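Enquirer: Just the structure for this:
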Amino acid sequence: MKNLPEFTYSKIVFLLIIGMLIGSIQGCGSISPVRMIPESFDIQQRFNNSVTVEVDRAHANDHYKEFVEDGMFRTALEGSITKSGLFSTLTVPENANYILRVEITSVGNFWGLTTKISLNTTWTLTDRRSNTDVWKDVVRSVGITTFSEEAGGYARVKMTYERVIKENILFGFDLLSDSEVVLE
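Expert: Down below sits the predicted model:
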């Protein structure tokens, strides 16, 4: 085999580095609340009431806060309420009959060739007029993305956060719509 001139090796290394940089930049777009909205819902009970949504991420870790901007979970939750028809009206707090509050209680992260994120939340439905909690439950979800689905590490983590939030919304809606709560 003929030896290649030295400048060819440096060009190959340079092209490999550029290729890796382009591959990592490709996954640098932001997380989308639209991709956090479940495709379909199995709603057992719909509520003919107005609701407003709050998401408390005070207990979320820094990794979550780095990837999921403030308001994204709430936006996905509002889009899911509208799409599913779980409540008849989504409105501003002062006009709502009820407040649906989702508090992030813990986030667990494992990343490598397979990225796994667990998300634990507490969902509370409060009658705004009497300031009384009418329903409360804990929702646990897990999102997993493999290397074969997304090779870029940064993009794989983003995809996993979108999945885990989508699952949390789906499970939360299932629990609320299956509950025995009666709203006035």
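Enquirer: Which strand or helix spans the residue nearest to the spatial centre of the chain?
Expert: Taking C-alpha atoms, centre = their mean, the centroid of the chain lies closest to I165, which sits 2.6 Å from it. Secondary structure here is read from DSSP states H and E; on that basis I165 sits in helix 153-178.
Enquirer: tell me which residues of that helix are tucked away?
Expert: Of the residues in helix 153-178, 153-173, 176-177 count as buried by neighbour count, 16 or more other C-beta atoms under 10 Å. Any C-beta I mention is one placed from the backbone N, CA and C, and that applies to glycine too.
Enquirer: packing partners for that helix?
Expert: In this structure, helix 153-178 makes packing contacts with helix 6-26, helix 62-67, helix 72-84, strand 114-127, strand 132-146, judged by 3 or more C-beta pairs under 8 Å, 6 or more residues apart in numbering; DSSP states H and E.
Enquirer: and it, average pLDDT?
Expert: For helix 153-178, the per-residue pLDDT values average out at 95.
Enquirer: Check stretch 92-101 too.
Expert: On average, the pLDDT along stretch 92-101 is 96.
Enquirer: circling back: without its sequence neighbours, what residue ends up closest to the residue nearest to the centre of the chain?
Expert: M36 (4.4 Å; C-beta to C-beta, 6 or more residues apart in numbering).
Enquirer: V53 versus the closest residue to S30 other than its chain neighbours, what's the distance?
Expert: Counting by C-beta to C-beta, 6+ apart, the nearest residue to S30 once its immediate chain neighbours are dropped is E69, at 7.3 Å. For E69, the distance to V53 under the criterion C-beta to C-beta, to the nearest Å works out to 16 Å.
Enquirer: And G108, by the same measure?
Expert: Following C-beta to C-beta, the distance that separates G108 from V53 is 24 Å.
Enquirer: who's more crowded, these two?
Expert: Between G108 and V53, counting by other C-beta atoms under 10 Å, V53 is the more crowded of the two (22 against 14).
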